[in-house]
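In: let's see this in three dimensions:
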Amino acid sequence: MSLRMQLWLIFLAPVLLIGGLYALGLSIPVPHLGRDYVIRLALPEAGQPVDLPEILGPEDRSRPLVVIDAGHGGHDPGAIGAGYREKDLVLGLAQALRDQLVEEGGIRVALTRDDDTFLVLEERPEIARRLDADLFISIHADSSGEVTTVSGASIYTLSDEASSEAAARFAERENEASALNGAVIAGQSQDVSNILVELSQRRVQQNSDEFARLITREGNGILKFHPQRRRAAALGVLRAPDVPAVLFESGFITNPSDAARLSSENGRQQFAEVMARAIRIYFARQSTE
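Out: Below you'll find the predicted structure:
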């Protein structure tokens with residue numbers, strides 16, 4: 001048999017074998033290895049509106065409204081480490097901050113979730129927008145994988161590039177919205193609408209940066225910060241173009257000391273007091289502008 005014929009048989013044999021089995025109604029069993037590692041999440045149907053949470057505090061709608069978002073929830077535990085789950089730890093911090101603000105009075109407050117509920121990422125800032133919030137705070141806990149020595153909190157605001165992208169996407173999607181940060185955009189040309197949304201996003205980003213600075217100032221010496229305490233990133237949860245927003249990484253859940261502190265009553269209280277002071281100073285400055 002020639003070499004060419006041998007090569008043809010090598011390539012054609014698998015095809016003829018599989019084709020013959022298929023013709024006889026048979027199949028070759030596929031190894032099961034790895035199938036159990038596929039994670040399937042049942043997401044809410046698109047277009048289903050999320051129920052808006054209860055607003056606590058003064059009934060006076062002129063009082064500022066803070067929406068606090070505890071990250072993850074439900075079948076999404078977030079980061080896991082040192083015997084803790086991120087979704088539980090950050091919910092405790094969110095509830096502590098809410099209780100602190102309600103106790104001090106003068107500021108309205110709502111939580112995106114007050115229990116072990118799963119929310120799609122895009123729903124979280126949308127809740128703040130639909131409630132016409134004045135400030136949005138998303139609380140998370142970081143992870144350093146197998147390294148347990150990394151610790152400290154950090155504060156994220158939206159990066160400049162992501163800010164422009166968010167403004168463009170919002171203008172394209174909601175050009176018929178009635179107003180944005182007090183500027184009427186309904187009925188405007190696409191170019192004018194784009195400009196108004198871009199200006200609004202810049203103002204929102206400036207306010208977000210100002211609030212982030214206040215957190216670091218008020219938390220200095222009280223909260224434990226990561227050496228790189230201020231960061232900017234293209235985070236979807238911060239992309240509401242008309243609500244100042246920060247994402248607060250409260251610490252590293254993979255660091256036993258951080259996790260124990262943030263899950264303790266004293267640690268939650270320290271966090272709540274610092275954040276509440278920063279929030280009040282932020283709104284006081286806003287009212288004088």
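In: can you map out the helices along the stretch 1-150 of the chain?
Out: Taking DSSP state H, counting those that start in this stretch, the helices of the stretch 1-150 of the chain run over residues 3-23, 86-104, 123-130.
In: low-confidence bits of this protein, can you list those?
Out: 1-50, 161-200, 289 (pLDDT under 70).
In: strands of that one, start to end?
Out: Along the chain, the stretches classed as strands by DSSP state E are 65-70, 80-81, 84-85, 108-111, 135-142, 153-158, 179-180, 183-184, 225-233, 245-252.
In: among those strands, which comes closest to residue 287?
Out: strand 135-142 (13.0 Å; Cβ to Cβ). (Glycine included, C-beta is placed from N, CA and C.)
In: pairing partners for the closest one, with directions?
Out: If you go by DSSP bridges, strand 135-142 pairs up with strand 65-70 (parallel), strand 245-252 (parallel).
In: tell me the angle the longest one makes with helix 123-130.
Out: Counting by axes from the mean of the first three to the mean of the last three Cα atoms, to 10 degrees, strand 245-252 points 140 degrees away from the direction of helix 123-130.
In: equivalent analysis for the shortest one, please.
Out: Inter-element angle recorded for strand 65-70 and helix 123-130: 170 degrees (by the same axes, to 10 degrees).
In: got JSON lines for the strands of the chain, with distance to residue 284 and mean neighbour count too?
Out: Formatted as JSON lines, the strands of the chain follow (distance: least, Cβ to Cβ, whole Å; neighbours: other Cβ atoms under 10 Å):
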{"stretch": "strand 65-70", "distance to residue 284": "14", "mean neighbour count": "27"}
{"stretch": "strand 80-81", "distance to residue 284": "38", "mean neighbour count": "18"}
{"stretch": "strand 84-85", "distance to residue 284": "35", "mean neighbour count": "20"}
{"stretch": "strand 108-111", "distance to residue 284": "16", "mean neighbour count": "23"}
{"stretch": "strand 135-142", "distance to residue 284": "13", "mean neighbour count": "25"}
{"stretch": "strand 153-158", "distance to residue 284": "20", "mean neighbour count": "24"}
{"stretch": "strand 179-180", "distance to residue 284": "24", "mean neighbour count": "17"}
{"stretch": "strand 183-184", "distance to residue 284": "24", "mean neighbour count": "13"}
{"stretch": "strand 225-233", "distance to residue 284": "22", "mean neighbour count": "15"}
{"stretch": "strand 245-252", "distance to residue 284": "18", "mean neighbour count": "26"}
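In: now render the ones you listed as CSV, adding distance to residue 279.
Out: Listed next are the strands of the chain as CSV, based on distance: least, Cβ to Cβ, whole Å:
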stretch, distance to residue 279
strand 65-70, 6
strand 80-81, 29
strand 84-85, 26
strand 108-111, 9
strand 135-142, 7
strand 153-158, 13
strand 179-180, 23
strand 183-184, 25
strand 225-233, 18
strand 245-252, 11
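In: wait, which of the ones you listed is closest to residue 285?
Out: Residue 285 sits nearest to strand 135-142 of all those, at 12.1 Å, using Cβ to Cβ.
In: export the closest one as PDB, just CAs?
Out: What follows is strand 135-142, C-alpha atoms only, in PDB (Å, rounded to 0.1, in the frame of the first residue of the first chain):
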ATOM      1  CA  LEU A 135     -26.000  59.900  46.300                       C
ATOM      2  CA  PHE A 136     -25.400  56.300  45.600                       C
ATOM      3  CA  ILE A 137     -23.000  54.100  47.600                       C
ATOM      4  CA  SER A 138     -22.200  50.600  46.600                       C
ATOM      5  CA  ILE A 139     -20.400  48.500  49.300                       C
ATOM      6  CA  HIS A 140     -18.200  45.600  48.600                       C
ATOM      7  CA  ALA A 141     -15.300  43.600  50.100                       C
ATOM      8  CA  ASP A 142     -12.200  42.800  48.100                       C
END
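In: that one vs strand 225-233, what angle?
Out: 120 degrees.
In: just want the angle from strand 135-142 to strand 153-158.
Out: 130 degrees.
In: residue 267 and residue 141: what is the separation?
Out: 12 Å (Cβ to Cβ, to the nearest Å).
In: if you could redo that for residue 55, that was the one I meant.
Out: For residue 55 relative to residue 141 (Cβ to Cβ), the value is 26 Å.
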